[in-house]
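Novice: here is my input, please return the structure:
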Amino acid sequence: MTNNHYQKNHSSGGSSKGFYIALGVCLIAIGVAAWTTYDSVINYATPEEDVPSSSQTTAFPANEAVSGVLEVPQSSRSAVSSSTPSSAAPSSQAPASKAPVSSEEPVVKTTTVPETFSYPVGDTVVQKFSIEDLIYSKTMKDWRAHAGVDFAAELGDEVTAIADGTVKNAYHDDLFGNVVYIEHGEIGGCYCGLETMDVKAGDTVKAGQKIGTVGTTPCESADDPHLHFAVKKSGKWIDPLTIFE
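Specialist: The predicted model follows:
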């Protein structure tokens, strides 16, 4: 009797212990499942910080060549413009220079207009001024304008200033040879094809003063010896014969 009662109590105690163990395992499993679900929900709701937005991305990756973009060579960005004057008229421009900045009032210079002009070598004209009607050039073998007058002369003849003035430029041109440009009041005289130049930029000359000698004008070298003389007024080439009238 006593043994039967002990066995019953022992069996009952073992069953109770097993129940609590199983219950504990279930609670742990439920806790783990709940934590896993919570962590997944949090990660889903919060965006990852290391994903760049569209405003943070660049159009072209660094150090990567971009196709379709043509780079302009440095030499073409700052090109220096140089023009050779056509045989219609020589260049009358002196080399460009920077004018100093001054706060003083500019001085207005009065220009003295010569009353008369004398011929630079003589008055015999062998080729007239012609801008609208083209003239055939035996040297260049084409038709072109002639923005000056050719006065007959011999090689070495003296060339004189047509009036008082200031030498603005004395230079060599590929087409017109040695050229002296003198400002005579409101007009500029261009003496071309000189053998020698006896004046330089900045010199003051008097009417009839020797400025050089007759030479050869390269773009008119097939013609007989002569002086190619051109006149500019108000920025335009005019017929030189009009100032001698």
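Novice: what about the longest strand in this structure?
Specialist: Determined from DSSP state E, the single longest strand within the chain is strand 187-197.
Novice: mind listing what's buried along it?
Specialist: Under the neighbour-count criterion of 16 or more other CB atoms under 10 Å, strand 187-197 has I187, G188, G189, C190, Y191, C192, G193, L194, M197 buried. For glycine as for every other residue, the C-beta is placed from the backbone atoms N, C-alpha and C.
Novice: quick one: mean pLDDT for that strand?
Specialist: Mean per-residue pLDDT for strand 187-197: 98.
Novice: which element is G31 on?
Specialist: G31 is part of helix 2-45, with elements assigned from DSSP states H and E.
Novice: list the residues that contact A161.
Specialist: Applying CB atoms under 8 Å, 6 or more residues apart in numbering to A161 gives the contacts P120, I182, H184, G189, V205, K206, A207, G208, Q209, I211.
Novice: isn't the fourth one up against I162?
Specialist: Yes: taking CB atoms under 8 Å as the contact criterion, G189 and I162 are neighbours in contact, 5.6 Å apart.
Novice: what do the two both touch?
Specialist: In contact with both G189 and I162: P120, using CB under 8 Å, 6+ apart.
Novice: hey, what's the residue lying closest to D142 once chain neighbours are set aside bridged with?
Specialist: Distance criterion CB to CB, 6 or more residues apart in numbering; nearest residue to D142, sequence neighbours excluded, is Y136 at 7.5 Å. Listed beta-bridge partners, Y136: W143 (assigned using DSSP bridges).
Novice: right, and Y136 touches A145 too?
Specialist: No: using CB under 8 Å, Y136 is not in contact with A145, being 11.6 Å away.
Novice: so which of these two has more stuff around it?
Specialist: A145 (17 against 9; other CB atoms under 10 Å).
Novice: make sure I have this right: the more buried one is in a helix.
Specialist: No: counting by DSSP: H, G, I helix; E, B strand; the rest coil, A145 falls outside a helix, being strand.
Novice: do you know the pLDDT at it?
Specialist: 97.
Novice: many thanks, we can stop here.
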